[in-house]
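Enquirer: just coords:
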């Protein structure tokens, strides 16, 4: 009897599924299996169904009714608005569940929604049972994901850009009445308010709502924390008096100019009576910059030859410099540079593919090193490679030669567009870096088994791979394999950790900083790299798939049960060092000197010096964690 | 007499209705009859669905026609309920129909906690509708479908989905347990009586 009821309901579920692709094409037994395993759950409007923070995806969902919004979290700056709405019959998270990793998107119910769900094991079994479903998932990962996201990305960016431009009056830009406190408020109360509302600054205003001062997050370290300021004293003693103000009628452009001129990140907007109307931050303005971003993007996508791409490359640089000048944050900036460089590289590859017939060869273009981590600065040379799979019954070496010819073409075009050829020959045209999936595995496992210094150096470059073009699945497979193997070889991770600890942050016991002979600090080798190396080890250990340092640290911390505030502080340190690198490269490029990563701390102002010191302390903190974990 | 009644009456104590929804098993019960008058109409079929961990699993279900054996059909149903909180639409009618068929064994129905969506839906989704309505109205309001209307299991499937939505809404209103829902239902009924 019970069987009859279950049969009826399973039949009903499969009738529902049959209305949608790919379930309508699915084999009968596979569909019956799916409908039999699928349970139904309700997700109220506004609730999160799946987020990256939830860790490895455990269920596969099919929307039965309602609307679910997929939103990319983190990743590249251009995708900030990229979101996709899933309706009945659409499913998620295909990539995450097939690779058994956390979803990179967050999935939110934007309406009261019902979703069918099956467990990860059942999902994998279904993939094995059903060639149709298998093909659907693989293709989804390889193409649909890429293409439709990119398209959505462009349209969303365009829309965002068209809605608001730099001529928007500030009155329209400020969203809500700002949180403000009276001058006599005890500092503790004001700070609690900042924490409660998660705001970057607090405005101090008199009884008539006229602003008299401001206190920002970056003031806290030099004015409150370090001097040990007594928190019961009124905020007026610690705030910046006479804050910069603009009328509501001023434009976003005026605000950008004001911020750049005075080196501030927040401006107060006041009405005709001098009353506080809102706060504009550099972040608000950055989102308006998308107009130029869109133009560059369109220039790249329509480019038909290298000359056109060279122009686009110069535009990227000019815009990046412009943004640095405006004081945009390092994380956004590097992601933004990375996103445009990705688009440029993809276009170069697409143009090269018109000249090289690679039809039928499953392959993907890898970016390594800083490009692989989405952390490119302005002076980065090429680090790339190719992963491919040899079709059956074909000669491996002949195909490799074809791929190398194609790669050489791409490498040269990239060089023409301002990415110098790599001195160490870490380029796809190098036969040693144009490898099949199995060959890559073999190389990687060699380094893991015998971690001599060269192998560890290689690991630090190549393990940060990322697929830029082609079949993403190949990269996923390699990443999955690598994470499994690295995790199972603690000896290798320990060697990586010990290697990462060779360089310690240049903090002095007596003086603030330990300097090199020429009186400078190398921000790359003694700064950024400390964070990057530690993040890589934590990611390998916890099986985090992302190659970006920020993502690696955030996700690893979730799995290791770390405090998000602690991670945020570490990342602030990392981003500050990256920002200093970009800034010094910017100045040096303007003077025509080659960009390097050295900085003379004496040339910094007092505030930046202190923040830099704090950033190095964060590096020390994360190194300490490695020391404890691996007992080094 | 079959041994289900003895099993039912001897062992189980009242279910713990103070546990949060995700730790409570609910049983959605629905019937199909020749009409809506419990005195004159005959029961045709019974259906039930289990809801655990906020999830509706098609395999966790029960359906039986009254013919050939009403006794088997109902003992199976009471076994399936096994004292867990029952969710129904128009619970009084359902109980009356079941009670008639059970005859002198009807007191077995007194045991579980009953939640009636007929009252709970307007009590929780006031913005959609403040007065009780028919099942079809609520299905339309909450955009819920089923594979077969006016069929014991088909309607149970719709009622179960409505109850999932009720759970979601209840949580956001701090009604985290079965007894909290029962109280909300009671309060709403009082209110309607006064109105």
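Expert: Sure, I can see it. Model, not experiment: these values are computed from the prediction.

Enquirer: Which of the three states applies to residue A:100?
Expert: Per DSSP: H, G, I helix; E, B strand; the rest coil, the secondary structure class of residue A:100 is coil.

Enquirer: do residue A:349 as well
Expert: helix.

Enquirer: so it touches residue A:469, yeah?
Expert: Yes. Applying Cβ atoms under 8 Å as the test, residue A:349 and residue A:469 come out as touching, 4.7 Å apart. Heads up, the C-betas are built off the backbone N, CA and C, glycines and all.

Enquirer: Common neighbours of those two, please.
Expert: Common neighbours of residue A:349 and residue A:469 are listed as residue A:365 (criterion: Cβ atoms under 8 Å, 6 or more residues apart in numbering or on different chains).

Enquirer: Any regions of the stretch 51-200 of chain A where pLDDT drops low?
Expert: A:73-82, A:139-167, A:175-176 (pLDDT under 70).

Enquirer: swap the cut-off to 90 and go again
Expert: Applying pLDDT under 90 to the stretch 51-200 of chain A picks out residues A:51-58, A:69-90, A:93-106, A:120-121, A:124, A:127-128, A:130-179, A:193-200.

Enquirer: So which residues of it form helices?
Expert: For the stretch 51-200 of chain A, the helices defined by DSSP state H, counting those that start in this stretch cover A:94-98, A:120-129, A:131-139, A:145-163, A:170-173, A:187-197.

Enquirer: Please apply the same query to chain B.
Expert: Taking DSSP state H as the test, the helices found in chain B are B:4-10, B:70-81, B:91-102, B:117-124, B:135-141, B:152-172, B:178-194.

Enquirer: got those as TSV, with distance to chain A and mean pLDDT columns?
Expert: Listed next are the helices of chain B as TSV, based on distance: least, Cβ to the nearest Cβ, whole Å; pLDDT from 0 to 100:
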stretch	distance to chain A	mean pLDDT
helix B:4-10	14	44
helix B:70-81	6	90
helix B:91-102	16	87
helix B:117-124	11	95
helix B:135-141	11	94
helix B:152-172	4	92
helix B:178-194	15	91
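
Enquirer: Which of the ones you listed sits closest to residue A:210?
Expert: Checking the helices of chain B against residue A:210 by Cβ to Cβ gives helix B:152-172 as the closest, at 40.4 Å.

Enquirer: quick one: buried residues of that closest one?
Expert: Residues of helix B:152-172 classed as buried: B:152-171 (neighbour count, 16 or more other Cβ atoms under 10 Å in any protein chain shown).

Enquirer: Equivalent analysis for stretch B:79-97, please.
Expert: By neighbour count on 16+ other Cβ under 10 Å, the buried set for stretch B:79-97 is B:80-91, B:93-97.

Enquirer: And stretch B:68-76, by the same measure?
Expert: B:70, B:73, B:74, B:75, B:76.

Enquirer: For stretch A:112-131, list every residue counted as buried.
Expert: Residues of stretch A:112-131 classed as buried by neighbour count (16+ other Cβ under 10 Å): A:112-118, A:120, A:122-123, A:125-127, A:129-130.

Enquirer: Off-centre distance for it?
Expert: A distance of 29 Å separates the centroid of the chain from that of stretch A:112-131, by Cα atoms, centre = their mean, to the nearest Å.

Enquirer: So which residues lie in contact with the helix or strand harbouring residue A:400, not counting its own?
Expert: Using DSSP states H and E, residue A:400 maps to helix A:396-416. Contacts of helix A:396-416 with the rest of the structure, by Cβ under 8 Å, 6+ apart, involve A:306, A:309-310, A:345, A:348-349, A:351-353, A:355-358, A:361, A:363, A:365, A:382, A:384, A:386, A:388, A:390-391, A:421, A:427-429, A:431, A:434, A:436.

Enquirer: are any of these buried, and which?
Expert: Buried among those (16+ other Cβ under 10 Å): A:306, A:309-310, A:345, A:348-349, A:351-353, A:356, A:361, A:363, A:365, A:382, A:384, A:386, A:388, A:390, A:427-429, A:434, A:436.

Enquirer: Take these and keep only those in strands.
Expert: Counting by DSSP state E, the part of those found in strands is A:363, A:365, A:384, A:386, A:388, A:434, A:436.

Enquirer: Of those, just say which sits nearest to residue A:550.
Expert: Looking across these and measuring by Cβ to Cβ, the closest to residue A:550 is residue A:384, at 22.0 Å.

Enquirer: Report the contact partners of that closest one.
Expert: Per Cβ under 8 Å, 6+ apart, neighbours of residue A:384: A:365-368, A:371, A:407, A:410-411, A:426-428, A:433, A:468.
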